[in-house]
Each structure stands twice: as C-alpha cells, then as structure tokens.
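> here you go, sequence then predicted model.
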Amino acid sequence: MRVAFVSLLAPGHGDAPARTRTRRVARGLADRGHEVVWLCARWWGGDHDVFEDEGIEYRSVTADPSPTAFAAKLPLALRRVGPDVVHAVNSPPTPGLGATVAGTLARTPVVVDWWRDHPADAARRYRLLARGADAVTTPSRTTKTRVREHGADGDDVRVVPESVDFDLVESSGVDDRFDAVYARRLDRHANVEAFLLGLAELRGRDWTAAVVGDGPERDRIEAIASDLRIDDRVSFLGDLPRRERVEIFKGTHVVAATATWEAFATELLWALACGCVALVEYQADSSAHELVEGRERGRLVTSPAELADEFVAVGDLPRRTVGPDFAEYDRGPVVDRYVSAYRELIGE
C-alpha cells in the first residue's frame with residue numbers, strides 16, 4: 001500500500017506531540033513494507049526536493065511553511081505520488097482541506113488524524129475539514145466528541161490511541177526509589193499542585209515521590225513543594241530519556257494524573273503498561289480518565305483530598321512491573337488499526 005502523509009510541518013521543524021504521533025505511524029507503516037511518502041514544507045538544507053530517512057520519503061511541496069501556498073500546490077504533488085490513501089493532520093486545517101479536495105478529484109480516500117483543536121486555527125475551516133474527510137481518527141473519545149461538534153458523522157470517526165513499546169517495558173530494569181510519581185511536561189496545564197497537595201495530606205505517613213518532566217512551570221511547582229514542606233520527600237527529576245522513565249514507572253506503585261488538559265495522557269499510559277496503579281483527577285478537558293475507567297488498578301478522584309484517600313486505599317494492591325492488560329496499546333496493534341481503517345476506505 002502506498003500512503004501519502006500530508007503535514008505542512010514535519011519532525012524536522014521541531015518536536016510536537018501531534019508530529020511525533022504522525023512520525024510514529026509513518027515509521028510503523030514503513031517497517032511493515034508499505035510505501036510511505038511525507039508531503040511537507042522543506043526543513044532540510046540543499047537544493048534537493050526529495051530525500052529518504054528511516055523508510056520514509058520526504059517530499060518538499062513548498063520551501064516555506066505557508067498553509068495557503070502548500071494547499072495550492074498539494075493536488076499536483078499528490079497526483080505525482082499516486083497514493084492508495086492519504087493520511088492528513090488537522091492543524092493547520094488549510095493543507096488538510098487541500099488534501100480532501102485533491103482526494104475527491106483523484107478518487108483517493110483521505111483520513112484526517114485529529115490530535116486537538118489549535119487555538120490559532122479558524123473554527124470554520126475545522127467544520128469544513130471534519131465534514132470533508134472520508135474518515136477521522138482521534139487519540140481519545142474526548143477528542144472524538146470535539147470532532148463531532150465540528151460536524152463530522154460519528155460513524156466516520158474512530159479512536160486510535162497512542163501506543164507504547166512493550167518490548168522496552170519488559171526489557172527495562174526497575175528503579176524502586178519512589179512510592180508515587182507524576183510525569184508530564186510542566187506547563188500551565190500540568191496542575192502538579194493537585195498531586196503535591198494530596199501528598200501533603202499524608203505528611204504523617206512514610207512515602208517518597210518523583211516529578212518527571214520539565215517546562216516553564218517547574219520553578220513555581222518546586223516552590224509549592226517547598227511551601228508545603230514536602231520538598232525533602234519529592235524529587236524533581238527533569239526531562240528523562242524514555243528508558244529511565246520506564247524504569248521509574250516499573251518500580252513505583254502509584255502514578256497520579258491531574259493535568260487539566262490532555263488530548264491523550266501518554267505518560268499515564270506508559271505508567272499503566274509498567275504496572276502502576278493510577279489515580280486520575282477528572283478534568284473536563286482531559287482524556288486521562290478514559291484509560292482507567294472500569295479498571296481495578298485505576299481510581300478517579302475529584303480533589304487532592306480524594307487523591308490522598310485513594311493513595312492510602314490502593315496500598316494493599318500488589319506491586320507490578322508490567323501491566324499485561326495494556327498489551328493492546330503496543331506499537332504493532334495500534335499501527336494495525338490505522339491499516340484496517342485505510343483498507344476499509346479503499347474497499348469502499
């Protein structure tokens with residue numbers, strides 16, 4: 001199968017969750033022997049318009065990342081590729097709209113992978129994109145609801161979650177220094193203070209905790225830990241490599257997820273795959289609760305006080321270093337879900 005990825009910005013323009021997700025899917029398809037072409041704005045040097053890296057052929061549609069110019073040149077670029085299916089992203093929406101128009105003209109199905117609504121994007125263009133795509137994939141039911149609000153038919157929207165590398169989980173060591181862990185980028189949505197307030201309720205108990213991640217809010221969060229007089233028991237570890245994160249998750253009993261916004265709670269998924277018990281504070285703009293609903297090793301809370309109570313309550317659950325129930329989130333099965341969506345559309 002030949003798959004054309006349409007994303008104005010590629011990983012070479014800088015890391016971002018949606019771009020990382022797109023690259024992971026593209027590499028997963030290439031590893032399975034599919035032909036993968038990524039149409040994007042040029043981010044590499046030299047005067048060549050095409051080059052290949054890790055099985056992905058990158059093709060420059062425009063030299064500059066202008067959504068309008070990119071969309072205008074996209075139909076011709078897609079005609080030259082001749083894909084069986086087009087995999088576009090939702091933001092910015094103009095290139096995705098260009099892909100749907102080109103797909104209609106060439107009778108090629110277009111799947112739009114919708115990570116989140118970006119505040120800089122026009123709602124009107126989102127409505128056109130949601131209705132114009134042949135199918136939409138989202139990382140969570142929370143995002144699926146947003147896409148349906150833009151006018152997409154619910155039957156055309158399917159959830160394809162983020163994934164983890166189970167081989168890495170099973171082969172990694174165990175770092176058992178901590179009883180509780182929080183892991184995420186420390187930005188304005190992180191809400192780490194809820195985690196710290198819950199721990200502060202348990203000053204009289206014996207525990208240690210870690211905060212994994214970095215970001216603009218780190219200094220403020222460390223100051224809160226100091227004000228709560230628990231800074232001697234909370235280690236701020238910064239932005240660790242994936243293997244080190246996995247080792248910490250495997251050795252820690254409880255993971256807390258309290259962020260106010262998550263298109264998909266990726267770090268929570270990794271922790272669950274490593275056997276952690278999850279305490280998730282319900283937030284209207286976060287999909288984290290979807291990973292623990294109905295699971296024995298997951299609890300939903302609505303306040304730091306409830307988080308503290310559940311931290312004590314789950315103490316009797318056995319410690320684990322692998323969460324076998326989350327094998328369905330392994331890299332392979334998740335890529336297979338994309339392939340199934342493609343084949344279904346091609347068959348139609």
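Everything's here; your move.
> what lies in contact with the helix or strand hosting residue 269?
Taking DSSP states H and E as the definition, one finds residue 269 inside helix 266-273. Residues lying outside helix 266-273 but in contact with it, judged by Cβ atoms under 8 Å, 6 or more residues apart in numbering, are 17, 161-162, 164, 166, 169, 181, 183-184, 212-213, 245-246, 249, 252, 255, 257, 278, 280, 288, 291-292, 297-298, 322-323, 326, 329. Every C-beta, even on glycine, is put in place using the N, C-alpha and C of the backbone.
> stretch 214-225 now?
Under the criterion Cβ under 8 Å, 6+ apart, external residues in contact with stretch 214-225 comprise 185-188, 190, 192-193, 196, 211, 231, 234, 236, 238-239.
> just to revisit the earlier point, would you mind checking the contacts of helix 266-273 for buried ones?
17, 161-162, 164, 166, 169, 181, 183-184, 212-213, 245-246, 249, 252, 255, 257, 278, 280, 288, 291-292, 297-298, 323, 326, 329 (16 or more other Cβ atoms under 10 Å).
> can you name every helix or strand that the stretch of helix or strand residue 212 belongs to contacts?
Under DSSP H and E, the secondary-structure element containing residue 212 is strand 209-212. Using 3 or more Cβ pairs under 8 Å, 6 or more residues apart in numbering; DSSP states H and E as the contact definition, the elements that strand 209-212 packs against are strand 180-183, helix 192-200, strand 234-238, helix 242-251.
> residue 47 - how many residues pack around it?
5 (other Cβ atoms under 10 Å).
> same check on the one 5 residues further on?
Other residues within reach of residue 52, judged by other Cβ under 10 Å, total 11.
> likewise the one 10 residues further on?
As a burial measure, residue 62 scores 21 neighbours (other Cβ under 10 Å).
> locate the residue of the chain with the greatest distance from its centre.
Within the chain, the residue lying farthest from the chain centre (Cα atoms, centre = their mean) is residue 204, at 36.7 Å.
> and that one, how far from residue 308?
Going from residue 204 to residue 308 by Cβ to Cβ, to the nearest Å gives 11 Å.
> for residue 181, give the beta-bridge partners.
When bridges are called by DSSP bridges, residue 181 pairs up with residue 210, residue 255.
> lowest-confidence helix or strand of this protein?
Taking mean pLDDT, DSSP states H and E as the measure, the chain has strand 50-53 as its least confident helix or strand, at a mean of 92.
> for it, list the C-alpha coordinates in PDB.
As requested, the backbone C-alpha atoms of strand 50-53 are provided in PDB (Å, rounded to 0.1, in the frame of the first residue of the first chain):
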ATOM      1  CA  VAL A  50      13.200  14.600  -2.100                       C
ATOM      2  CA  PHE A  51      15.100  12.500   0.400                       C
ATOM      3  CA  GLU A  52      14.600   9.300   2.400                       C
ATOM      4  CA  ASP A  53      15.100   8.700   6.100                       C
END
